[in-house]
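Peer 1: Provided below are the primary sequence and the corresponding predicted coordinates.
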Amino acid sequence: MKLENIKIIMVETSHQGNVGAAARAMNNMGISDLALVSPQCKLGVEAYARASGAHEILGNHQKFDNIADAITDCHLVVGTSARSRSLSWPTLSPDELVNKVIQFDESKKLAVLFGSERVGLTNEQLHHCHYAVSIPTNPDFSSLNVASAVQVICYELFKKLSDQTLMTKKPEDEPASGAENEGFFEHLEQILLSTGFLNPEQPKYLMTRLRRFFLRAEPNKKEINILRGILNSVEQFKS
């Protein structure tokens, strides 16, 4: 995987200075693709001052209304998280994340999500991710500033991916994109509702558990097509 194929996605960021500082951190590590999802602030003088020269990254950032649209072209999606969850999510350390992405060929894209300053990523936002990534910190003071978290993750990726002598392992089959994964989950939920297996009045954690199960497996394009074919056969059988 190339550094240029890494997308940093900041979700519902409320302080423009943090966006600028994150852009500076990205620029330090040769990463330039910045996306903002439902930003709660406008980028102005403070953002550009904190960017300290990384103005091109700020000027070229993309803005999205939701995470699903932001990850459409990405094949591995991870979300940074420091807090425990009522339903645990497969978690990687920054080092484990790097070891995973170096196996991707250079045409594939990685998205790294960072949540809002106040609450981080919500459970619903994390549902779009294959993995959570947890940065080791002092357990008595574990909350990192979002720009600092961007710096740590970008540094870990830069250490390995900037080494041009690194041999990457090409997967047997291309990993499914974010759009393909989301299409499958929408299709699966539709089928489960139509068969009565999923009760819309009491959904509980069913779709969350299914998302966790399938994303943990990192299905490739062929596997997603097989799964969609199975769902299509269920539709035909019901009709």
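Peer 2: Happy to help now that I have it. Not measured: the values here are computed from a predicted model.

Peer 1: So what are the structural domains in the protein, by residue number?
Peer 2: As assigned by automatic domain parsing, the chain contains the domains 3-161, 178-238.

Peer 1: and those domains as a markdown table, adding mean pLDDT?
Peer 2: Below are the domains of the chain laid out as a markdown table (pLDDT from 0 to 100):
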| stretch | mean pLDDT |
| --- | --- |
| domain 3-161 | 91 |
| domain 178-238 | 89 |
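
Peer 1: Can you tell me the SS state at the residue nearest to the spatial centre of the chain?
Peer 2: Nearest to the mean C-alpha position of the chain, by CA atoms, centre = their mean, lies Val77 at 3.2 Å. Of the three states, Val77 takes strand under DSSP: H, G, I helix; E, B strand; the rest coil.

Peer 1: Can you tell me which of the domains of the chain is most buried?
Peer 2: Most buried of these, by mean neighbour count (mean count of other CB atoms under 10 Å): domain 3-161, with a mean of 18. Where you see a C-beta, it was placed from the backbone N, CA and C, and this is true even at glycine.

Peer 1: Identify the residues contacting Ala176.
Peer 2: Taking CB atoms under 8 Å, 6 or more residues apart in numbering as the criterion, Ala176 is in contact with His75, Phe184, Pro219, Asn220, Lys221, Glu223, Ile224.

Peer 1: I figured the third one hits Leu227, correct?
Peer 2: It stands for Pro219. Yes - contact criterion CB atoms under 8 Å: Pro219 and Leu227 qualify, at 7.1 Å.

Peer 1: can you list residues touching both of those two?
Peer 2: By CB under 8 Å, 6+ apart, the residues touching both Pro219 and Leu227 are Phe184.

Peer 1: nearest residue to Pro94 other than its sequence neighbours?
Peer 2: Glu156 (4.1 Å; CB to CB, 6 or more residues apart in numbering).

Peer 1: The one you found belongs to a strand?
Peer 2: No - under the criterion used here (three-state DSSP), Glu156 is helix, not part of a strand.

Peer 1: residues in contact with it?
Peer 2: So Glu156 contacts Pro94, Asp95, Leu97, Val98 (CB under 8 Å, 6+ apart).

Peer 1: Mind picking the one among these that's closest to Pro200?
Peer 2: Among those, Leu97 lies closest to Pro200 (CB to CB), at 35.3 Å.

Peer 1: Leaving out the residues flanking it, which one is nearest to the closest one?
Peer 2: Going by CB to CB, 6+ apart, Leu97 has Val133 as its nearest residue, at 5.4 Å.

Peer 1: For the one you found, give the beta-bridge partners.
Peer 2: Thr80, Leu92 (DSSP bridges).

Peer 1: ok, now how distant is it from Gln40?
Peer 2: Using CB to CB, to the nearest Å, Val133 is found at 23 Å from Gln40.

Peer 1: if we can go back for a sec, could you identify the most distant pair in the contacts of Ala176?
Peer 2: Most distant of the contacts of Ala176, by CB to CB, are His75 and Phe184, 13.9 Å apart.
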